[in-house]
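Asks: kindly return the folded structure for what I paste below:
(one chain, ligands or ions: 1)
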Amino acid sequence: MATDPTSASAAGLPSYAKAVDAYRKAVATAATATAYAVLARGMARELLPQDLRAAVSWAASLLRARLEPRTAERRTLVIKRDQESHHHHHPCDGDAALYVDVRQYLATRIDPRSMRRLCLSGGVSGSRKVLSMEPGDSMIDNFEGVAFTWASVAGEGRRGIVAESLELSFDAEHTDMALERYVPFITATVEEARRQDRSLLIYMNEGSGWSSMTHHHPATIPAMNPDLKQSVIADLDRFLKRRDYYRRIGKAWKRGYLLYGPPGTGKSSLVAAMANYLHFNLYDLDLSEVSGNAMLPRLLNRMSNRSILVIEDIDCCFSAASRDDGKDLAGHDVADDSDDDVGKKITLSGLLNFIDGLWSTSGEERIIVFTTNYKDHLDRALLRPGRMDMHVYMGYCGWEAFKTLAHNYFLIDDHPLFPEIQELLSAVEVTPAEVSEMLLRSEDAGAALLGVTKFLREKKQEIGEGN
Ligand SMILES: Nc1ncnc2c1ncn2[C@@H]1O[C@H](COP(=O)(O)OP(=O)(O)OP(=O)(O)O)[C@@H](O)[C@H]1O
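Replies: All right, here's what the predicted structure looks like:
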């Protein structure tokens, strides 16, 4: 910014006074340190020494005020333990819930080495010990590159009860971030940790409700084609990785899987393993227990978020479901004389509405899995993209799957019988379930493998005789 000495003289002012005035304005609006430096150089050339000194010290103080974070305005957010609620309220109720969440979150962020004093608490033996700050102490938590300071403050609650509160302080400019991102991040983190701690449940439909039991299934993914297994895991990982993103943009992440293949190839085992992997509860919907389309939305409403809904054997679990065109779900003509199924009124369109309803519930993280022995028998509408995202074929026991099973049961990766078994497996169709059963017959690897070999030889012979 240049000053025009002619116009200053014309106004009858000493040129340097006019120049100082112009610089004052310029400095007040200069946004960056570079701009200050440029101005300072200009001033040094034009101003008289005494004015220069005054101007420089004045500019320097302005610069300090602008650029030094220490003098930035601070904001404090107080989270009280004992809000308006009654003091012997359960801590998870109402107002105090946020206090409990923050305390639990800070316990995972606290650096014990940096604290002068620490509070260690815990419940009955075996339960987790929790670290927390003592009143008067503070700690810093970095979130998205911003330092948030937490202080524990002792205060007097109602009726003289000590009511500790947690105070969060930050620069005023980060107020939106604190309220819109940081605090929600804390509650989501704590919620996720609690979810991971809970044992998983399997729900089964009973009438229009669900009854639950604890899910004790081992976490292992069943023996299957290694590439396929990898792609299923990659899909689930993508799900886990992207859900924070989806949550942030307010979208729900949903996924549909169709598992198909002969009975005993591990479809149910895979569903259980997926639930374990994601730490989702399982809802096992038995359509033969559902009396009609009207019951489906009620069941849907009673499912919790972060769950897997599985409908097993979707092609055969009810044979005479009437469809508008007189076909059942598997596309077969519905026999008029099937007395057993009188009263079962789920139709394909009812089921499709149910699935689409599941998909459209906003903000819910859901996975739906169908299993079937005969993919070919399923109605096209069910397989349409958008309903089932991934089709997973669970096949007969191949060589790779066998090696996995042998390793799982006996920790062996090689054996003199392996070459023969490999050859036999390529010639006969046996399910992993059958092979597992043979392997479990003996605790001795050699004996068990011999059993498998004999079993496979017999199978091969049967095929030969059949031809
Ligand atoms: N691929 C596999 N790897 C390891 N074990 C398996 C595998 N497949 C089956 N099994 C064993 O066989 C049992 C039955 O398998 P599972 O019920 O998962 O088969 P499925 O394909 O769901 O059968 P269905 O179509 O009859 O429901 C399992 O409990 C498991 O012990």
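Asks: secondary structure element for residue 414?
Replies: Residue 414 is part of no helix or strand when elements are defined by DSSP states H and E.
Asks: SS state for residue 277?
Replies: Under DSSP: H, G, I helix; E, B strand; the rest coil, residue 277 falls in the helix class.
Asks: nearest spatial neighbour of it, chain-adjacent residues omitted?
Replies: Take residue 277 and drop its neighbours on the chain: the residue closest to it by CB to CB, 6 or more residues apart in numbering is residue 236, 5.6 Å away. (Glycine included, C-beta is placed from N, CA and C.)
Asks: isn't the one you found right next to residue 280, touching?
Replies: No - if you go by CB atoms under 8 Å, residue 236 and residue 280 don't touch, sitting 10.1 Å apart.
Asks: quick one: end-to-end distance for stretch 380-399.
Replies: 32 Å (CA to CA, to the nearest Å).
Asks: begin at 12 from here
Replies: OK, 12 is where the count begins now, so the last one is stretch 391-410.
Asks: what's next to that stretch, contact-wise?
Replies: Residues outside stretch 391-410 that contact it (CB atoms under 8 Å, 6 or more residues apart in numbering) are 233-236, 239, 242-243, 246, 266-273, 276-278, 281, 325, 340, 359, 362-363, 366-367, 370, 381, 386, 416, 433, 436-437, 440-443, 445-446.
Asks: neighbours of residue 192, how many?
Replies: Applying other CB atoms under 10 Å, we find 15 residues neighbouring residue 192.
Asks: correct me if wrong: it contacts residue 155.
Replies: Yes - with contact defined as CB under 8 Å, residue 192 counts as touching residue 155 (7.1 Å).
Asks: element containing residue 402?
Replies: Following DSSP H and E, one finds residue 402 within strand 401-404.
Asks: buried set for that strand?
Replies: residue 403 (16 or more other CB atoms under 10 Å).
Asks: got the residues of this protein near the ligand?
Replies: 233-235, 274-280, 323, 384, 405, 412, 416, 443-444, 447 (CB under 6 Å from any ligand atom).
Asks: show me which of those residues are buried.
Replies: Buried residues within these, defined by neighbour count using 16+ other CB under 10 Å: 233-235, 275-280, 323, 384, 405, 412, 416, 443, 447.
Asks: between those, which is closest to residue 208?
Replies: Of all these, residue 280 has the smallest distance to residue 208: 24.4 Å, by CB to CB.
Asks: I'd say the closest one and residue 233 touch.
Replies: Yes - when contacts are counted by CB under 8 Å, residue 280 is listed as touching residue 233 (4.1 Å).
Asks: got any residues that touch both of the two?
Replies: Overlap between the contact sets of residue 280 and residue 233, as judged by CB under 8 Å, 6+ apart, is nil.
Asks: what's the pLDDT at residue 390?
Replies: The per-residue pLDDT reported for residue 390 equals 81.
Asks: and it, how far from the ligand?
Replies: 19 Å (CB to the nearest ligand atom, to the nearest Å).
Asks: and if you look at residue 310?
Replies: For residue 310 relative to the ligand (CB to the nearest ligand atom), the value is 21 Å.
Asks: which SSE is that residue in?
Replies: Element membership of residue 310, judged by DSSP H and E, is helix 306-312.
Asks: if you count neighbours, what's buried in that helix?
Replies: Neighbour-count burial for helix 306-312 flags 306-307, 310-311 (criterion: 16+ other CB under 10 Å).
Asks: residues contacting residue 127?
Replies: Taking CB under 8 Å, 6+ apart as the test, what residue 127 contacts is residue 148.
Asks: scratch that, residue 417 is what I was asking about
Replies: Contacts were defined as CB under 8 Å, 6+ apart; by that measure residue 417 touches 423-424, 426, 450, 456, 460.
Asks: where's residue 417, which helix or strand?
Replies: Going by DSSP H and E, residue 417 is part of helix 410-421.
Asks: skipping adjacent residues, who's closest to residue 363 in space?
Replies: In space, residue 363 is closest to residue 392, 6.0 Å off (CB to CB, 6+ apart).
Asks: so the one you found sits in a helix?
Replies: Yes - counting by three-state DSSP, residue 392 is found in a helix.
Asks: residues near it, how many?
Replies: 13.
Asks: which residues does residue 270 contact?
Replies: When contacts are counted by CB under 8 Å, 6+ apart, residue 270 is found next to 278, 281-282, 380-383, 403, 405.
Asks: for the ligand, state which of the residues you listed is nearest.
Replies: Taking CB to the nearest ligand atom as the measure, the ligand sits nearest to residue 278 out of the contacts of residue 270, at 3.5 Å.
Asks: thought the closest one was touching residue 269?
Replies: No - counting by CB under 8 Å, residue 278 stays clear of residue 269, with 9.9 Å between them.
Asks: what residues are shared contacts of these two?
Replies: Counting by CB under 8 Å, 6+ apart, the common neighbours of residue 278 and residue 269 are residue 382.
Asks: and stretch 236-246, which residues are buried?
Replies: Using 16+ other CB under 10 Å as the test for burial, stretch 236-246 gives 236, 240, 243.
Asks: what's the answer for stretch 249-257, then?
Replies: Under the neighbour-count criterion of 16+ other CB under 10 Å, stretch 249-257 has 250, 254 buried.
Asks: and residue 266, what element?
Replies: Under the criterion of DSSP H and E, residue 266 resides in strand 265-271.
Asks: format the CA atom coordinates belonging to that strand as CSV.
Replies: The C-alpha coordinates for strand 265-271 follow below in CSV (Å, rounded to 0.1, in the frame of the first residue of the first chain):
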residue,chain,number,x,y,z
LYS,A,265,-26.1,-51.5,4.9
ARG,A,266,-25.0,-54.7,3.2
GLY,A,267,-26.8,-57.7,1.9
TYR,A,268,-25.1,-61.1,1.5
LEU,A,269,-26.4,-64.2,-0.2
LEU,A,270,-24.6,-67.4,1.0
TYR,A,271,-25.4,-70.4,-1.2
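Asks: good, wrapping up.
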